[in-house]
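Participant: turn this into a structure:
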Amino acid sequence: MPETFFITTAIDYTNGAPHIGHAYEKVLADVLARYHRLKGDDVFFLTGVDQHGQKVQQSAEKQGIPPQQFVDGVTEKFVALWKKLGVEYDGWAATTDAKHKDCVRAILQRLWDDKGDDGQSKWIYKKSEGGYYSVRQEQFLTDKERGADGEFGPEWQPVEFREEENFYFRLLPHKQWLLDLIDARSTAGKPLVVPDFRVAELRNAVEKLEGDLCISRPAARLQWGIPFPESFGAGFVTYVWFDALVNYISFAQDYDPKSTRPPEAFLRWWRSIVHVIGKDILIPAHGVYWPIMLKSLGFADDEIPTLLVHGWWNISGAKMSKSLGNVVDPDVLVDIGRATVEKELIKQKAKNLEKGKPVLSDHEISSVSTRCGAESVRYYLVGDISTGKDADFNEERLVQRYNTDLANSIGNLLNRSVSMAASYRAGKVHRVSHAGSVAEGLSAKSGPVVEAYRASMTAFQVAGALNEISDFSMSANVAIETAAPWKLAKAEKDGDAEAGKGVDATLYALAESLRIIAILLSPVVPKAAHGIFDQLNWKMDLSGQDKRFRLADAVWGGLPDGHQLGQPTPLFPRIEVPSSQSE
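Facilitator: Numbering: from 1, shown residues only. A predicted model of the protein is given here:
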């Protein structure tokens, strides 16, 4: 039976349109999911939207429409963007879904019914509290949230004083348990948080834990949420985080909220889970609330999930913010990339028509440019940031990475290799031994490259994996210049049989390098990887299936002797930047 891999992302709050940070997280998770499918694992990739909460209700009221209509409109924007970016998830979590509502209510009821020796719930209690409340963060504040000037900072505003009766979930009795769990996981080399420099940050936050979690809101001021079970009394809805966090199990396969222990069919997936979240929601939601919630639901210590915490895309070192006007719209970015590549292809078509060379049809131009627009964004987002750290978004850098890694290196390698095979061998490649050739060098390098790629992907460092591919592609391009097949082909015509062997060895090595590159690239730029295989005329009967790519096939020698390659087609046309932008 294959291994399982269950990966989730944070569900996006439907209070506004998606930005580049949302896109990065979903593309990162999609790449990791695709990598595990490449390995042959059974994969379940869950993402979605968080549709409840006070801010959503207020935004809907401002527009004069029902909250459900408001969140449906925002949700459509997220769904459309994920389709455009090629994010292929297996499960979609929408917190207004009846399945999710039933699960949240069943969990609340089960925790309420779990009584201690005193006849009271071991997990939930009711009390009245007065204090300062952050409307933005939807939580009561304590003095530790005040700044040095005694005021609550802008991250909490607006803040107002409230006094109300609510239900609370017990956190404090489990503080030491969580500290011990953090330490035990770190000692075992399986930290609760990845990258591990976040562990100390989480531990410090748990050390400072002072109170329990308010998990209800009075319906008198918030109607847009999941109502508490009737057994709690009328007039309460569920706090948005206690609702949202449950998505990881409510939309998972085979979870039963009424069972005191998660079913084994569910645990088969759950034991391999990785939660991909941003650093801003590690504390307290995912790092404090969620583990204790899982403990209350009967999850064992070794079933508390790993948190893969990524950094932010900033602009000139500053966090993207609507108020600062520096939010990057990934939807627009993809469209700009598509339009730019389309323009270059149209220019290229005009030149080829003048020279009588083959040209792409309008449909082919549209297809290539659409793919390049989306996949250049995917490549940049996971390739220009070290997972877990922050990075500065730069549109010029996006174009630079596209041109350097994709157009000049991989695209150029493919075009030259297939074209030379067509010119010198009618498109066929032949396996021949040629001692001391560049072919032997590429063959020897391929194994270590694949192993280093595996290690980087296992460590969630996609940028490191892409660097391995880039280095291998560069080596293959250098091999072309070193071997100079055009010179060997001329010498062969002059009767040098050994030179003919050099042509065959070089062309085969280039095609085989490209076959391996396509496999390794497929999680990040899947359509381009299919494009490489198409031009290699390889596994054409599986062109529409994930089975076309298998990591196990990334070993040297896969192409048979005499294999017929396809026709060269622009894979990544170079983007020419106007001089005014490049200076």
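
Participant: doesn't His275 fall inside a strand?
Facilitator: Yes. His275 forms part of a strand when assessed by DSSP: H, G, I helix; E, B strand; the rest coil.

Participant: and it, what is it in contact with?
Facilitator: Contacts of His275 were listed using C-beta atoms under 8 Å, 6 or more residues apart in numbering, and they are Thr8, Thr9, Ala10, Tyr248, His286, Pro305, Thr306, Leu307, Leu308. From N, CA and C alone the C-beta is placed, and that goes for glycine too.

Participant: can you tell me how far Thr306 sits from Ala29?
Facilitator: 13 Å (C-beta to C-beta, to the nearest Å).

Participant: please identify which of these two sits among more neighbours.
Facilitator: Set Thr306 next to Ala29 and count neighbours by other C-beta atoms under 10 Å: Ala29 wins out with 24 against 17.

Participant: my read is that that one contacts Leu46, right?
Facilitator: No. Between Ala29 and Leu46 no contact is recorded; they are 9.0 Å apart, counting by C-beta atoms under 8 Å.

Participant: identify the contacts common to those two.
Facilitator: The contact lists of Ala29 and Leu46 share Ile7, Thr8, Thr9, where a contact means C-beta under 8 Å, 6+ apart.

Participant: find the nearest non-adjacent residue to the second one, please.
Facilitator: Spelled out, it's Thr8. With sequence-adjacent residues excluded and distances taken as C-beta to C-beta, 6 or more residues apart in numbering, Thr8 is closest to Leu46, at 4.6 Å.

Participant: look up how far Cys214 lies from that neighbour.
Facilitator: Counting by C-beta to C-beta, the gap from Leu46 to Cys214 is 27 Å.

Participant: neighbour count winner among those two?
Facilitator: Taking neighbours as other C-beta under 10 Å, Leu46 and Cys214 compare with Leu46 leading, 25 against 21.

Participant: now do the contacts for the more buried one.
Facilitator: Counted by C-beta under 8 Å, 6+ apart, Leu46 has contacts 6-9, 89-93, 247-248, 251-252.

Participant: inside helices: which ones of those residues?
Facilitator: Members of the contacts of Leu46 lying in helices (criterion: DSSP state H): Asn247, Tyr248.

Participant: with respect to Lys208, which of the contacts of Leu46 is nearest?
Facilitator: Tyr248 (25.2 Å; C-beta to C-beta).

Participant: can I assume the closest one is in contact with Thr9?
Facilitator: No. Tyr248 is beyond contact range of Thr9, at 9.9 Å (criterion: C-beta under 8 Å).

Participant: quick one: pLDDT of Val94?
Facilitator: To be clear, residue 94 is Ala; Val isn't right here. In this model, Ala94 is scored at 98, pLDDT.

Participant: hmm, Lys101 and it touching each other?
Facilitator: No. When contacts are counted by C-beta under 8 Å, Ala94 is not listed as touching Lys101 (10.5 Å).

Participant: how about stretch 231-242: buried residues?
Facilitator: Phe232, Phe236, Val237, Thr238, Tyr239, Val240, Trp241, Phe242 (16 or more other C-beta atoms under 10 Å).

Participant: residues making contact with it?
Facilitator: The contact list for stretch 231-242 (C-beta under 8 Å, 6+ apart) reads 50, 52-54, 104, 108-109, 112, 126, 138, 166-167, 169, 213-220, 222-228, 285, 289, 293.

Participant: mind checking which of these are buried?
Facilitator: 50, 52-54, 104, 108-109, 112, 138, 166-167, 169, 213-217, 222, 224-228, 285, 289, 293.

Participant: tally of neighbours for the residue nearest to Arg271 when sequence neighbours are not counted?
Facilitator: Leaving aside its chain neighbours, Arg271 sits nearest to Glu303 (6.5 Å; criterion: C-beta to C-beta, 6+ apart). A count of nearby residues for Glu303, using other C-beta under 10 Å, gives 15.

Participant: check contacts around Glu303.
Facilitator: Glu303 sits next to Pro262, Leu267, Trp270, Arg271, Leu294 when contact means C-beta under 8 Å, 6+ apart.

Participant: and what of Pro262?
Facilitator: Neighbouring residues of Pro262 by C-beta under 8 Å, 6+ apart: Ile249, Tyr255, Asp256, Trp270, Leu297, Gly298, Phe299, Glu303.

Participant: quick one, grab the pLDDT at it.
Facilitator: Residue-level pLDDT assigned to Pro262 equals 94.

Participant: can you tell me how far it sits from Ile277?
Facilitator: 21 Å.

Participant: restricted to strands, list the contacts of Leu46.
Facilitator: Judged by DSSP state E, strands contain the following of the contacts of Leu46: Phe6, Ile7, Thr8, Thr9, Gly91, Trp92, Ala93.

Participant: show the pLDDT at the second one.
Facilitator: Ile7 carries a pLDDT score of 98 in this model.

Participant: my guess is it contacts Val43, does it?
Facilitator: Yes. Using C-beta under 8 Å, Ile7 is in contact with Val43, at 7.3 Å.

Participant: which neighbours do these two have in common?
Facilitator: Contacts common to Ile7 and Val43, judged by C-beta under 8 Å, 6+ apart, are Ala33, His36.
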